[in-house]
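Student: Have a look at this fold, sequence not included:
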């Protein structure tokens, strides 16, 4: 009994240790700067990992297609047990019995065949074009992987900014709430001493309640924003992510002026590069359809050995096996398809023309997108400068009105107006900061040239 109890205690302790280790691992903490978050996402994000598997799939498709032009060797083994041998009728004249049909059974009860077949493609226009298309498809898949990295960096940056903006909003609410709650308490005491109106106390209590509701909503928004950031980073939802930078640091560290001055070449944009690969595939598809009119040439070698037995003794070394072999060349010459091949060629030519139209469209679209994003960034910078000044002024006004209110020189209505003005200016400043960062990263994504 003691031995069983001891064993149970050991198992219990081991289970607790394993559970603690698992809990500690599942609740790991990660501290990230913006650049670290972008680098992590470029390797760990779901979309990037999927694009990497697409590249590997394309690489294996090249190997698969290459193998079809290399020697193909197959072996086959056949075993027959003739339960009932077929009966043939032979004229009796062969056996000295004219006018009668003699029933004869040919063959043996058991037979076995072993064979080897070798095929080698010598020439096929479709095969050669297919290899080029497979390599181009691999290059296109790699470009799409690079695009997924560019996109996830932009997405993670925006998610990072949103978390910081929400945290900044909560910080402002907390500081305002502390000041307002203090004023409300002091006003309540003054009211109880009969030195102020009850309306002033109610107004301040209402302001405190509204701030508490705003904080609760902002806290929920922060939880959602953090969840989205962890999702885009490819991290477990239980991971605690600490952001090591704030909005002001990122604003001052943004190279907006450099981005605005940088020239834009649509041909270097990742979307345009993917389109060009798609265009190459369309051209190769046209060549593929044309190549179907060319002859194809292949060689083959067949070797076969067979045995027939009245009794099952295939492994008897004295038993005979009868071999045969043949080799040859097979040429397939397309002659007439009733217009089917021509129709396919025309369809492929139409797809090429479609990609040429798409090239013009994407080039024009990218230029417009760059110009619009550039203008939006310039406007965002102007708005940011204005909202920053407004925030400083509204803060001074709010503090002065608060002092006047405490001294009885200003009413609760003035305080409430100054309070709302202050919160509105803070909100505008945060939104303007967020807009500058988002427009900067959008312009950066357009200008980025993935290697």
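Tutor: In hand now; what should we look at? The model shown is predicted, which means the values in this text are computed figures rather than measured ones. Residues are numbered from 1 along each chain as shown.

Student: make it CA atoms for all contacts and neighbour counts henceforth
Tutor: Will do.

Student: C-terminal to the helix-or-strand element of the chain with minimal mean pLDDT, what's the next element?
Tutor: In the chain, the helix or strand scored least confidently by mean pLDDT, DSSP states H and E is helix 2-26, which has a mean of 44. Downstream of helix 2-26, the first helix or strand assigned by DSSP states H and E is strand 29-32.

Student: Which neighbouring elements make contact with that following strand?
Tutor: strand 240-243 (3 or more C-alpha pairs under 8 Å, 6 or more residues apart in numbering; DSSP states H and E).

Student: pLDDT averaged over the strand it packs on, what's the number?
Tutor: The average pLDDT within strand 240-243 is 93.

Student: what does stretch 322-341 give?
Tutor: Stretch 322-341 comes out at a mean pLDDT of 93.

Student: and if you look at stretch 182-194?
Tutor: 73.

Student: repeat for stretch 257-272
Tutor: 92.

Student: Stretch 126-146 now?
Tutor: Per-residue scores along stretch 126-146 average to 95.

Student: which residues touch that stretch?
Tutor: Residues outside stretch 126-146 that contact it (C-alpha atoms under 8 Å, 6 or more residues apart in numbering) are 48, 51-52, 54-55, 58-59, 61-62, 65-66, 69, 270, 273-274, 277-278, 280-281, 284-285, 287-289, 291-292, 450-451.

Student: buried subset of these?
Tutor: 48, 51-52, 54-55, 58-59, 61-62, 69, 270, 273-274, 277-278, 280-281, 284-285, 287-289, 291-292 (16 or more other C-alpha atoms under 10 Å).

Student: and after whatever helix or strand residue 173 lives in, which helix or strand comes next?
Tutor: Using DSSP H and E, residue 173 sits in helix 125-192. Remark: after helix 125-192, the chain's next helix or strand is helix 198-233, criterion DSSP H and E.

Student: Okay, angle between that next one and helix 125-192 too, please.
Tutor: Per axes from the mean of the first three to the mean of the last three C-alpha atoms, to 10 degrees, the angle that helix 198-233 makes with helix 125-192 is 160 degrees.

Student: What residues sit buried inside helix 198-233?
Tutor: Going by 16+ other C-alpha under 10 Å, helix 198-233 has these buried residues: 200-201, 203-205, 207-208, 211, 215, 218-219, 221-222, 225-233.

Student: what do you get for stretch 382-394?
Tutor: Residues 383-384, 387-388, 390-391, 394 are the ones in stretch 382-394 that count as buried (16+ other C-alpha under 10 Å).

Student: for stretch 391-410, same thing?
Tutor: 391, 394-395, 397-399, 401-402, 405.

Student: Looks like residue 49 contacts residue 40 (just checking).
Tutor: No. Using C-alpha atoms under 8 Å, residue 49 is not in contact with residue 40; the gap is 11.7 Å.
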